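*Asks:* fold the following.
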Amino acid sequence: MSPTNIFAPASTPADSIFGLSMFVIFTVTAIFIVVGALLTYAIVKFRNKNGDDRTEPAQIYGSSQVEMAWTVIPVLIVVALSLATARVIASVQDAPRPPGALEVTVIGHQYWWEYRYPKLNIVTANELHIPVSDPARPTPTFLTLLSADTDHSFWVPRLGGKTDLIPNHPNSMWIDPPEPGLYLGQCAQYCGVQHAKMLIRVYAQKREDFDRWVHQQQQLPHASADAAISAGQRVFESTACVNCHTVSGTSANGRFGPDLTHLMSRETIASGAAANTPEMLRLWIKNPDAIKPGSKMPAMGLSDRDLDRVTAYLETLR
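*Replies:* Sure thing, here's the model as predicted:
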């Protein structure tokens, strides 16, 4: 099954939207069939026949019954669709927050995602980890959506409808997948030249796996006694890297780029554009445009020796 299949909802909001969509589709399909059948009947019934000198069929002027029907029936259809839509909007936007609900602040950047877990003191990027929600004891995840620059849109098709991130206008949504798995999404609002590679990865995990991830993310990276890795850290801290990135426990305290404290715990880099392997990480540092043309991360111009050292150092950030 495709991880972006809109016809396989895996969360209550997505399921509500799917049900509404099917209701609308069936309603308009029925309208299409009825109108098409009447049109076909009229074409066949009143077609020009051999020996018929009339240029048009006999005309009937005024019918209260017909006018009442084509007024009342469409009004009833619109009212039914409006009420169904309002019910879904209300159920999604006004959902109660049960005890144990997870809160995450999502910040859209050009062109990556920042995730902050305020109650857990965790900051990560591009890969959102959440616990599955047991229907018997719901533990949904509530997302506060912010933008650091321009308009973005958070959309994971199997988990919920797309919701915009607008500068200076906080928005929100919630998800509660009952089954573990990887759910993929995409920024659904054109936000610049790298909009197409501003990808989303949501990992729904069993509670014990999520708790293990939380514990790992809350740890500070350990200093290494390896001379090459120490040299790589010195290179990292002496370049402009520290102006954009944060590594807890070091002098790097930038906020413009992703937090790198646990970089190697992620499966991808560049907002999902490449696998997080030593080779791709080295290429990303050397020439970001080779992976993500138009990326706002600059090429650092490091020598091959310093590039190897920095890569080795970043590989220790787990």
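
*Asks:* the strands in the stretch 151-300 of the chain, which residues?
*Replies:* 152-155, 163-165, 171-175, 181-187, 199-205, 268-269, 274-275 (DSSP state E, counting those that start in this stretch).

*Asks:* so which of the ones you listed gets nearest Asp134?
*Replies:* strand 199-205 (12.0 Å; CB to CB). (Glycine included, C-beta is placed from N, CA and C.)

*Asks:* where does Lys276 land on pLDDT?
*Replies:* One thing to correct before we go on: residue 276 is Asn, not Lys. Reading off the confidence values, Asn276 has pLDDT 95.

*Asks:* related to what we said a few turns ago, winner for burial among the strands of the stretch 151-300 of the chain?
*Replies:* When the strands of the stretch 151-300 of the chain are scored by mean count of other CB atoms under 10 Å, the highest mean neighbour count falls to strand 152-155 (a mean of 24).

*Asks:* show me what that one is packed up against.
*Replies:* strand 102-109, strand 163-165, strand 181-187 (3 or more CB pairs under 8 Å, 6 or more residues apart in numbering; DSSP states H and E).

*Asks:* just checking: what are the partner strands of that strand?
*Replies:* strand 163-165 (antiparallel), strand 181-187 (antiparallel) (DSSP bridges).

*Asks:* coming back round to it: need the strands of the stretch 151-300 of the chain in JSON lines with distance to Leu145, can you?
*Replies:* Below are these laid out as JSON lines (distance: least, CB to CB, whole Å):
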{"stretch": "strand 152-155", "distance to Leu145": "6"}
{"stretch": "strand 163-165", "distance to Leu145": "5"}
{"stretch": "strand 171-175", "distance to Leu145": "4"}
{"stretch": "strand 181-187", "distance to Leu145": "12"}
{"stretch": "strand 199-205", "distance to Leu145": "12"}
{"stretch": "strand 268-269", "distance to Leu145": "21"}
{"stretch": "strand 274-275", "distance to Leu145": "25"}
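
*Asks:* quick one: closest of the helices and strands packed on strand 152-155 to Ala252.
*Replies:* Of these, the one closest to Ala252 (CB to CB) turns out to be strand 102-109, at 17.3 Å.

*Asks:* what is the subsequent helix or strand relative to the closest one?
*Replies:* strand 112-117 (DSSP states H and E).

*Asks:* sorry, back to before: export the helices and strands packed on strand 152-155 as CSV, with columns for distance to Gly62 and mean pLDDT.
*Replies:* Formatted as CSV, these follow (distance: least, CB to CB, whole Å; pLDDT from 0 to 100):
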stretch, distance to Gly62, mean pLDDT
strand 102-109, 59, 97
strand 163-165, 50, 96
strand 181-187, 55, 95
